[in-house]
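Participant: Only the shape, not the letters, is given here:
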C-alpha cells in the first residue's frame, strides 16, 4: 500500500497545476486530493492505482462491434478520422460525403470509437447516435458495468495513448491491431465512481474548452484588427488630413492625391523559379539551397526544412535571391508572400514561387502589405480561380494593380506597419501559448483522474481555474 502522503499535486512556475506522481515533498493542493491508499496495478503504463480499484483487460468489459457495410446508407452520418478532433473527442459532422468507396463499420448510441491508425493522434469519441464510420476506427461497446464516458476518458489518457502507440506495426501508416487494444488493461473503479469521475471531467473540460474558445475568438478579433490596420494604411495612408482623389478603380475608391495606381510590372520585375530536376549525379558540394512554397509564410520565410539541388551558373544568375526580394506563392495558397531578408547568404527559388524585385528602389516592403490586403479581400483568389487548379503565374502577378505612394511615404507606412503588426503578433503568440497550456492541462487532468492519481469524488463545482491569471486574455 502507498500512503496518501506519497502523492502530491505539484504547481509549476507558470501557475498551472500538474499532477505529479509519487512526489515525496509533503505539499498538497487543496483542490485535488489523492486517494488514501494505493497498490501496484501490475500494468506498466498504469503504475499504482487506488487500492479498491480493479485492473481489467478491455476485452473483458468491451465488445468490438463487427457489423460491416459495403456502402453508406443515405440516412446515416459518416465519421472518418478527420471527423474526430484529437485529444478532445469532439465530433465534426460538416462536409459529409455522398458516398464512401470502402467497407464501413456501424455504430450505435453508447459506443466509444477509437482510432487505430496513428493512435498517437488520440482520436476517440463517445457516440450518442446511429451512424457508420471508417474501419480505421474501432467500434467499442462497453458492458453494463463500464460507463461509456469513463471508457472514453480512459482512452484519452496520455499514458494509454503512449502505450498503444508503442505497440503499433507499420512505418508510414502505423496501426494498432484490435487485439492489442483489447488486451490493454485499464483501471476500473466501481461503477458509481466511474460515473463520478466522468461527471467531474465533463465539468472541468467544458470549462477549459470554454476558455479556449474565448481565447480563439480573441485571436480572431486581433487578426481582424490587424487586417483592417494594414488595409487602411496601404489604401488611405497615415495622414487623415491629406486630400483625396478617385483612384479610378471601383473597388478601391479614393486614395491620397499624390499616390499612383500602376500594374506591378511597371515598377517590378517578376521571375518564376526553376523547374525541379532530380539529378542524382550532382556532386554534393555543388548543391545549393532553394525555397519551396512550403517555406513561404506571411510571417516570414520558414527555414526549418530547406532542400538543396544543383543550379548551373546560368540558373544561379536567373533564380538567385537578393535582400528584400518579395516571394509570392504561385500555387497552393496562391499569393501567400514573404520578404526575403537574406536569412541565408545564398539561396534560390523553385518554380512554385514568383520572385518580385523592385527596379532600383526598396519598394517591396509596401508591396508585401498591399498583397496581404488583396489576399484578405479575396481578390487574389478570385483572380486565380478560373483554372481547375489555381495558379498565380508570373503573368498574372505582373498585371495586378498596386497603389504606390511616393517612396518616402511607402517607407513610413511600412515602418509603421512593421511596428504595429509586431505588437499584435506578439499578443496573439502569447494568447496561443495560453491556449497550448490550457490544452496541456486538460490532457493531464484527464490522465490523472482516470488513473487514480487524484480523488475527484468530492469535487463539486469547478473552482481551480478562477484564480489562474495565465488563463486570462
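Facilitator: Received it, and whenever you're ready, just let me know what you need. Small disclaimer: the values here were computed from a predicted structure and weren't measured.

Participant: From now on I want contacts and neighbour counts done on CA atoms only, so please keep to that.
Facilitator: Noted.

Participant: Mind checking what secondary structure residue 138 has?
Facilitator: Recorded secondary structure, residue 138: strand (DSSP: H, G, I helix; E, B strand; the rest coil).

Participant: what pairs with it across the strands?
Facilitator: Taking DSSP bridges as the rule, residue 138 bridges to residue 114.

Participant: For burial, what's the neighbour tally of it?
Facilitator: Neighbours of residue 138 under the rule other C-alpha atoms under 10 Å: 24.

Participant: Contacts only, for it.
Facilitator: By C-alpha atoms under 8 Å, 6 or more residues apart in numbering, residue 138 lies in contact with 64-65, 113-116, 178.

Participant: cool, and residue 146?
Facilitator: Going by C-alpha under 8 Å, 6+ apart, residue 146 touches 61, 191, 194.

Participant: how far away is the first one from residue 126?
Facilitator: Plainly put, residue 61 is 16 Å away from residue 126 if you go by C-alpha to C-alpha, to the nearest Å.

Participant: what about residue 375, distance to residue 329?
Facilitator: Applying C-alpha to C-alpha to residue 375 and residue 329 gives a distance of 12 Å.

Participant: ok, those two, which is more surrounded?
Facilitator: Neighbours per residue (other C-alpha under 10 Å) separate residue 375 from residue 329, with residue 329 holding more: 26 against 18.

Participant: Verify the contact between the more buried one and residue 293 for me.
Facilitator: Yes - look at residue 329 against residue 293 with C-alpha atoms under 8 Å: they come within range, at 5.8 Å.

Participant: anything in contact with each of those two?
Facilitator: Counting by C-alpha under 8 Å, 6+ apart, the shared contacts of residue 329 and residue 293 are 352-353.

Participant: now the end-to-end length of stretch 74-88.
Facilitator: Terminal residues of stretch 74-88 lie 28 Å apart, using C-alpha to C-alpha.

Participant: quick one: that stretch to chain centroid distance?
Facilitator: Counting by C-alpha atoms, centre = their mean, to the nearest Å, stretch 74-88 is centred 18 Å from the centre of its parent chain.

Participant: next one: stretch 258-276
Facilitator: 33 Å.

Participant: got it, and stretch 51-67?
Facilitator: 33 Å.

Participant: do the same with stretch 317-337
Facilitator: 25 Å.

Participant: and residue 131, how many residues sit next to it?
Facilitator: Residue 131: 18 neighbours (other C-alpha under 10 Å).

Participant: so how far is residue 92 from it?
Facilitator: Relative to residue 92, residue 131 is positioned 13 Å away (C-alpha to C-alpha).

Participant: that older thread, please identify every residue contacting each of residue 375 and residue 329.
Facilitator: Taking C-alpha under 8 Å, 6+ apart as the criterion, residue 375 and residue 329 both touch 335-336.

Participant: What segments of the stretch 151-300 of the chain are helices?
Facilitator: Remark: helices assigned in the stretch 151-300 of the chain by DSSP state H, counting those that start in this stretch are 158-165, 178-182, 191-236.

Participant: Rebuild those as TSV, extending it with mean pLDDT and distance to residue 260.
Facilitator: Compiled in TSV, those are given as follows (pLDDT from 0 to 100; distance: least, C-alpha to C-alpha, whole Å):
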stretch	mean pLDDT	distance to residue 260
helix 158-165	94	59
helix 178-182	93	67
helix 191-236	96	11
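
Participant: one step back: specify which member of the contacts of residue 138 is nearest to residue 384.
Facilitator: Closest approach to residue 384 among those (C-alpha to C-alpha): residue 115, at 37.8 Å.

Participant: Which residue, other than its chain neighbours, is closest to the closest one?
Facilitator: Nearest non-adjacent residue to residue 115, counting by C-alpha to C-alpha, 6 or more residues apart in numbering: residue 137, 4.4 Å away.

Participant: And residue 302, by the same measure?
Facilitator: Closest residue in space to residue 302, ignoring its immediate chain neighbours: residue 295 at 4.7 Å, by C-alpha to C-alpha, 6+ apart.

Participant: Help me confirm that the one you found comes into contact with residue 327.
Facilitator: No - at 9.9 Å, residue 295 does not count as touching residue 327 under the criterion of C-alpha under 8 Å.

Participant: Show me where the stretch 51-200 of the chain has its strands.
Facilitator: 54-57, 62-64, 68-69, 78-79, 104-107, 112-115, 124-126, 131-134, 137-142, 185-188 (DSSP state E, counting those that start in this stretch).

Participant: State the mean pLDDT of the third one.
Facilitator: The one in question is strand 68-69. For strand 68-69, the mean pLDDT works out to 90.

Participant: quick one: strands adjacent to that strand?
Facilitator: strand 104-107 (antiparallel).

Participant: ok, and what's touching the strand it pairs with?
Facilitator: The contact list for strand 104-107 (C-alpha under 8 Å, 6+ apart) reads 65-72, 127, 130-135, 139.

Participant: got CSV for the strands of the stretch 51-200 of the chain, with distance to residue 246 too?
Facilitator: Shown next, in CSV, are those (distance: least, C-alpha to C-alpha, whole Å):
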stretch, distance to residue 246
strand 54-57, 75
strand 62-64, 69
strand 68-69, 64
strand 78-79, 53
strand 104-107, 60
strand 112-115, 58
strand 124-126, 57
strand 131-134, 57
strand 137-142, 59
strand 185-188, 71
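
Participant: per-stretch mean pLDDT over the ones you listed, give me the minimum one.
Facilitator: strand 68-69 (a mean of 90).

Participant: Quick check: bridge partners of residue 188?
Facilitator: For residue 188, the beta-bridge partners are residue 54 (DSSP bridges).

Participant: Roughly how far does it sit from residue 87?
Facilitator: Separation of residue 188 from residue 87 (C-alpha to C-alpha): 21 Å.

Participant: sorry, back to before: which stretch among the strands of the stretch 51-200 of the chain comes nearest residue 400?
Facilitator: Per C-alpha to C-alpha, nearest to residue 400 of the strands of the stretch 51-200 of the chain: strand 78-79, 42.5 Å.

Participant: any residues touching the closest one, and which ones?
Facilitator: Strand 78-79 has contacts (C-alpha under 8 Å, 6+ apart) with 72, 93, 96-97, 131-134.

Participant: again with stretch 235-253
Facilitator: Here stretch 235-253 has contacts from 254-257, 260-261, 403, 413, using C-alpha under 8 Å, 6+ apart.

Participant: Swap in 10 Å and give it another go.
Facilitator: Contact with stretch 235-253 is made by 230-233, 254-261, 370, 373, 401-405, 409-410, 412-413, 416, as judged by C-alpha atoms under 10 Å, 6 or more residues apart in numbering.

Participant: Which ones among those residues lie within strands?
Facilitator: 254-256, 260-261, 401-404 (DSSP state E).

Participant: just to revisit the earlier point, which residues are in contact with the residue nearest to residue 115?
Facilitator: Residue 137 makes contact with 79-81, 104-105, 112-117, 123-125, 178, according to C-alpha under 10 Å, 6+ apart.

Participant: of those, buried ones?
Facilitator: Neighbour-count burial within those applies to 79-81, 104-105, 112-117, 123-125; the criterion is 16 or more other C-alpha atoms under 10 Å.

Participant: winner for burial among the helices of the stretch 151-300 of the chain?
Facilitator: helix 158-165 (a mean of 19; mean count of other C-alpha atoms under 10 Å).

Participant: chain center to that one: distance?
Facilitator: In terms of C-alpha atoms, centre = their mean, the centre of helix 158-165 is found 21 Å from the chain centre.
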